[in-house]
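**Student:** Requesting a structural model of the entry that follows:
(one chain, ligands or ions: 1)
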Amino acid sequence: MTRRSIDDVSDDVADQRSGAGESAPVTVRVPAKVNLHLGVGELRPDGFHELTTVFQAVSLYDEILVEPARRLTVEVIGDGAEGVPRGDENLAVQAARAVAALAGRAPGVRITIRKGIPVAGGMAGGSADAAAALVACDALWGAGLDRASLARLAAGLGSDVPFALRGGNALGTGRGERLSPVLGRGNYHWVFALADGGLSTPGVYQELDRQRAGERAPEPARPDGVMAALRAGDPVALGRALANDLQPAALALRPQLRRVLDAGRELGAVGSIVCGSGPTVALLARGPGDAINLAAVLAGMDVCRAVRRAAGPVVGARVHATEPGP
Ligand code: C5P
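**Tutor:** Numbers count the residues shown, from 1 in each chain. As a prediction, the model looks like this:
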């Protein structure tokens, strides 16, 4: 369950600039996201698709602990930790390096990631860890970066990282990294069906391109229904308006997800949708009591690996008082 890697920064360089021992550990808590609307347009020359998406941050959290250290190390604990990349592919490692470079110091830090967000589940867990590492390293090193600087670093790390920093509800355009506010009210009660194994995000986008081969790529669909439901604070309208252009591609790669979507409808969820590129499935309940019942019955149905309840919207990556446990 534990993975660790040590980078190649030499002790000499780290000793010069790291200031190991200079400050207290920092813990940052960061939420998962669900795409209430995911309209996918054309494949751009840079390899990303043009998107129109509405994000909601939900209360499934990763916790990132950063401690002063001479070298950059990362340890991952919790559910699915063995599937998290170590070394430079880990977005939290890239985030620590980015903050260090901007602050003009060596990236000496020991990072511990405690996973609560499904790994490779379509809920932006890796992006969340990057956003949390930006906030945590900034605080640990007293770098004093403002929100705009952190947001610029976030956009360079991945399409979903700026949203994980911000949280709430937001409209994402471009490749998903350009955010604007969404007028919304209400708390929404979700049940997430976790799958065995993950799906590769690039693989799901490629499957969509394959399905669309020969057709002219559409403009990304507009999220009018989701925006109206959020303005009204109406979970039933939101459930009806949920839309995800990646869902047919995720279902083609993982046909058994259809059973979870069907179960959601049978059990009275007001909406059921694949989260982002999947394979997690999100079921929207009418209210908190319905979510408890839905989660209990779904857990007994043998259509998914595990069931989690969460509410949204919640704030993005924030310094948290307590340190993660073992
Ligand atoms: O930005 P991020 O690193 O999360 O994207 C992972 C992969 O998902 C990209 O390399 C790309 O294959 C795909 N993607 C895409 N269009 C987007 C976002 C992601 O094709 N707007």
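**Student:** other SSEs contacting the longest strand seen in the chain?
**Tutor:** When the chain is parsed with DSSP state E, its longest strand is strand 49-68. If contacts are counted by 3 or more C-beta pairs under 8 Å, 6 or more residues apart in numbering; DSSP states H and E, strand 49-68 sits against strand 26-43, strand 109-115, helix 125-140, helix 161-166, strand 169-173, strand 188-194, helix 224-232, strand 306-312. Where you see a C-beta, it was placed from the backbone N, CA and C, and this is true even at glycine.
**Student:** Let me see the contact set for the residue nearest the centre of the chain.
**Tutor:** In the chain, the C-alpha nearest the mean C-alpha coordinate belongs to Ala124, at 2.1 Å (C-alpha atoms, centre = their mean). Shown in contact with Ala124 (C-beta atoms under 8 Å, 6 or more residues apart in numbering): 32-33, 117, 160, 163-164, 276.
**Student:** how about the residues of the protein that lie near the ligand?
**Tutor:** Within the chain, the positions lying close to the ligand (C-beta under 6 Å from any ligand atom) are 47-49, 51, 158-160, 175-176, 201-202, 205.
**Student:** Tell me which two in those are the farthest apart.
**Tutor:** Spatial extent of the residues of the chain next to the ligand (C-beta to C-beta) is set by the pair Gly47 and Asp160 at 15.7 Å.
**Student:** So between these two, which is more surrounded?
**Tutor:** Taking other C-beta atoms under 10 Å, Gly47 and Asp160 do not tie; Asp160 has more neighbours (28 against 9).
**Student:** Could you measure from that one over to Ala143?
**Tutor:** Note on Asp160: its distance to Ala143, by C-beta to C-beta, to the nearest Å, is 23 Å.
**Student:** and what of Gln56?
**Tutor:** Taking C-beta to C-beta, one finds Gln56 at 30 Å from Ala143.
**Student:** again with Gly168
**Tutor:** 24 Å.
**Student:** Please work out which helix or strand belonging to this structure has the smallest mean pLDDT.
**Tutor:** Ranking every helix and strand in the chain by mean pLDDT, DSSP states H and E puts helix 11-17 at the bottom, with a mean of 37.
**Student:** returning to that earlier point: deepest in the core, which of the helices and strands packed on strand 49-68 is it.
**Tutor:** Ranked by mean neighbour count, the helices and strands packed on strand 49-68 are led by helix 125-140 with a mean of 29 (mean count of other C-beta atoms under 10 Å).
**Student:** Quick check: buried residues in stretch 87-100?
**Tutor:** Across stretch 87-100, burial judged by 16 or more other C-beta atoms under 10 Å covers 90-100.
**Student:** Quick one: residues in contact with stretch 301-315.
**Tutor:** Everything outside stretch 301-315 that qualifies as a contact, by C-beta under 8 Å, 6+ apart, is 31-32, 34, 56-60, 167-169, 184, 187-196, 256, 259-260, 263, 281, 288, 291-292, 295, 298-299.
**Student:** Many thanks, we can stop here.
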